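> Show me how the following folds:
(one chain, ligands or ions: 3)
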Amino acid sequence: MTKKIAVLPGDGIGQEITEGTVDILHTFSSLFDRSMTFEYGLIGGHAIDETGDPLPEATVTLCQSSDAVLLGAVGGPKWDRNPSHLRPEKGLLGIRKALGLFANLRPVKAIPALLSSSTLKEEVVRDVDLLIVRELTGGLYFGEPSERRQVAGEDAVVDTLFYTRSEIERILRKGFELAQIRKKRVVSVDKANVLESSKLWREIAEEIAGDYPDVTLEHMLVDNAAMQLIRTPAQFDVVVTENLFGDILSDEASMLTGSLGMLPSASLSETGPGLFEPVHGSAPDIAGRNEANPMAMILSAAMMVRVSFGWEKEATLLEEAVFQTLKAGVCTKDIAAATNRAPVGTSDVIAEIKRQLQELAETKS
Ligand SMILES: NC(=O)C1=CN([C@@H]2O[C@H](COP(=O)(O)OP(=O)(O)OC[C@H]3O[C@@H](n4cnc5c(N)ncnc54)[C@H](O)[C@@H]3O)[C@@H](O)[C@H]2O)C=CC1
Ligand SMILES: CC(C)CC(=O)C(=O)O
Ligand SMILES: [Mg+2]
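Residues are numbered from 1 along each chain as shown. Ligands and ions are numbered 1, 2, ... in the order given. So this is what the prediction gives:
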């Protein structure tokens, strides 16, 4: 059956990497006889410019009627001074909320061809294989009030970290379930020595741990977790945490693989379409220069065909095409030093991944 994909390129490098990824998915489709259609929607700064709204209703409808959503990234200096409700990031938060995407899965696995491109020693990153499970529709990014005020004649600000028991429980359960099919270890990251929200988080983790007797549960305070991720990252299997902590820890963890441009993600709801996007942002500093690493986005597309469409074997071949491309030393500037090759452009990387995919399809399918 044909799968309908809502494509939201967004802003900055989101445009370039999405174009290349859809190009590869066309090749994928014909090589493996897997039918996909692509329908484009506006989000972020481009949507503000064209419609005055970072998340037009038409985009929400498109996503809701699709089998999966592929998103580039949003944001850029052009819109940085806009009022809060007219910022590109509001579009991203809005689509996550509208689709109920409470579980953001961010796998971080050492890639043999890139071991030397990490800023950490090879022996520290060699065995890294962890999964950050980040709560995505609650916490500080959504809590009300979130506003500027005048207090005693001066500017004051408030953001709110709000969670309900059921929101905490469902993300923790997701973490335990994923650990059951991995190495059966959950580290729940919180700040329970200070925050009320974290105290409830820890209580619920303890309460439900008994439902997963094959999984060990450890609690870790977020400041320590940030340090442990750099000290001995291979100790982690599943890291489950709230929205803001997960956002920060996953950018930090990306450097274990050598570049933020390598990290994919999947955002899942209870029943509806999943959304797949790289962990990085719109990288305005390199946008439009054919320099962006498209691999995080292509690996996100591989997660999409595996998780949302169940095309396991083909997803693995797409990932393999990315890794073979790295092995061949074809890569963008962010990771080129590790391969001792001159960096090439985004479009060259896309072309090589397509070539590798064609070769793999001939030999392995
Ligand atoms: N999911 C999303 O749409 C996200 C959007 N943003 C937005 O992106 C804009 C820029 O934010 P930054 O803090 O600069 O974060 P960023 O992730 O866009 O960039 C951070 C650094 O990593 C580099 N980088 C990121 N992706 C890369 C890639 N694929 N290849 C090579 N280098 C890459 C950039 O050049 C930059 O030096 C902001 O407007 C922010 O709000 C930030 C994070 C996530
Ligand atoms: C708008 C931000 C919350 C996006 C971001 O940094 C992320 O989801 O990783
Ligand atoms: Mg982030």
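
> Report how many residues lie close to Thr37.
11 (other Cβ atoms under 10 Å). C-beta here means a position set from N, CA and C on the backbone, and glycine is covered the same way.

> where in the stretch 251-365 of the chain is pLDDT low?
338-339, 365 (pLDDT under 70).

> Please, where are all the strands along it?
In the stretch 251-365 of the chain, the segments counted as strands under DSSP state E, counting those that start in this stretch are 264-268, 274-278.

> Can I get these in a markdown table including distance to ligand 2 and mean neighbour count?
Shown next, in a markdown table, are the strands of the stretch 251-365 of the chain (distance: least, Cβ to the nearest ligand atom, whole Å; neighbours: other Cβ atoms under 10 Å):
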| stretch | distance to ligand 2 | mean neighbour count |
| --- | --- | --- |
| strand 264-268 | 8 | 23 |
| strand 274-278 | 8 | 27 |
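
> okay if I get those as CSV plus distance to ligand 1?
Output for the strands of the stretch 251-365 of the chain, formatted as CSV (distance: least, Cβ to the nearest ligand atom, whole Å):
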stretch, distance to ligand 1
strand 264-268, 9
strand 274-278, 6
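
> CSV for the ones you listed, including distance to Ser166?
CSV is the format used below for the strands of the stretch 251-365 of the chain (distance: least, Cβ to Cβ, whole Å):
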stretch, distance to Ser166
strand 264-268, 16
strand 274-278, 20
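
> Spell out which residues of the stretch 201-350 of the chain are next to ligand 1.
For the stretch 201-350 of the chain, the residues in contact with ligand 1 (Cβ under 6 Å from any ligand atom) are 260-261, 277, 280-286, 292-293, 296, 334.

> Mind picking the two most distant members of those residues?
Glu277 and Asp285 (19.2 Å; Cβ to Cβ).

> picking that back up, so how do I select the buried members of the residues of the stretch 201-350 of the chain next to ligand 1 in ChimeraX?
Here is the ChimeraX selection string for the buried members of those, based on 16 or more other Cβ atoms under 10 Å:
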select :260,261,277,280,281,282,283,284,286,292,293,296,334
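
> do you know how far the residue in the chain that ligand 2 sits nearest to is from Asp80?
Ranked by Cβ to the nearest ligand atom, the top residue of the chain for proximity to ligand 2 is Glu89, at 3.8 Å. To Asp80, Glu89 is 10 Å away according to Cβ to Cβ, to the nearest Å.

> Compare those two (neighbour count), which wins?
Using other Cβ under 10 Å, the more surrounded residue of Glu89 and Asp80 is Glu89, with 18 against 11.

> OK, contacts around the more buried one?
Glu89 makes contact with 44, 54, 74-75, according to Cβ atoms under 8 Å, 6 or more residues apart in numbering.

> switch to 6 Å and redo it
By Cβ atoms under 6 Å, 6 or more residues apart in numbering, the contact list for Glu89 reads Gly75.

> pLDDT wise, what is it at?
At Glu89, the model reports a pLDDT of 98.

> and it, helix, strand or coil?
Following DSSP: H, G, I helix; E, B strand; the rest coil, the label given to Glu89 is helix.

> quick one: the residue nearest the centre of the chain and Leu120, what's the gap?
In the chain, the residue lying closest to the centroid (Cα atoms, centre = their mean) is Ser265, at 2.8 Å. According to Cβ to Cβ, Ser265 and Leu120 sit 21 Å apart.

> Can you list the strands that the host helix or strand of Asp159 pairs with?
Taking DSSP states H and E as the criterion, Asp159 maps to strand 154-160. Neighbouring strands of strand 154-160 in its sheet, by DSSP bridges, are strand 143-151 (antiparallel).

> any idea how far the partner strand is from the chain center?
Offset of strand 143-151 from its chain centre (Cα atoms, centre = their mean, to the nearest Å): 29 Å.

> just to revisit the earlier point, downstream of the strand holding Asp159, the next helix or strand is which one?
Immediately after strand 154-160, counting by DSSP H and E, sits helix 165-180.

> Pull the number of nearby residues for the spatially closest residue to Ala315 that is not a sequence neighbour.
Spatial nearest neighbour of Ala315, excluding adjacent residues (Cβ to Cβ, 6 or more residues apart in numbering): Arg306 at 3.6 Å. Residues near Arg306, counting by other Cβ under 10 Å, number 18.

> Please apply the same query to Pro112.
With other Cβ under 10 Å as criterion, Pro112 counts 9.

> likewise Leu92?
Using other Cβ under 10 Å, Leu92 has 24 other residues around it.

> For it, give its distance to Leu136.
For Leu92, the distance to Leu136 - Cβ to Cβ - is 10 Å.

> hey, what's Val186 bridged with?
Beta-bridge partners, per DSSP bridges, of Val186: Leu217, Val238.

> Correct me if wrong: it contacts Ala179.
Yes - counting by Cβ atoms under 6 Å, Ala179 is a contact partner of Val186 at 4.8 Å.

> which residues are in contact with stretch 180-198?
161, 163, 175-176, 179, 199, 201-202, 205, 214-222, 225, 236-241, 245.

> do that again at 8 Å, thanks
129, 131, 139, 161-163, 172, 175-176, 179, 199, 201-202, 205, 212, 214-223, 225, 236-242, 245, 249.
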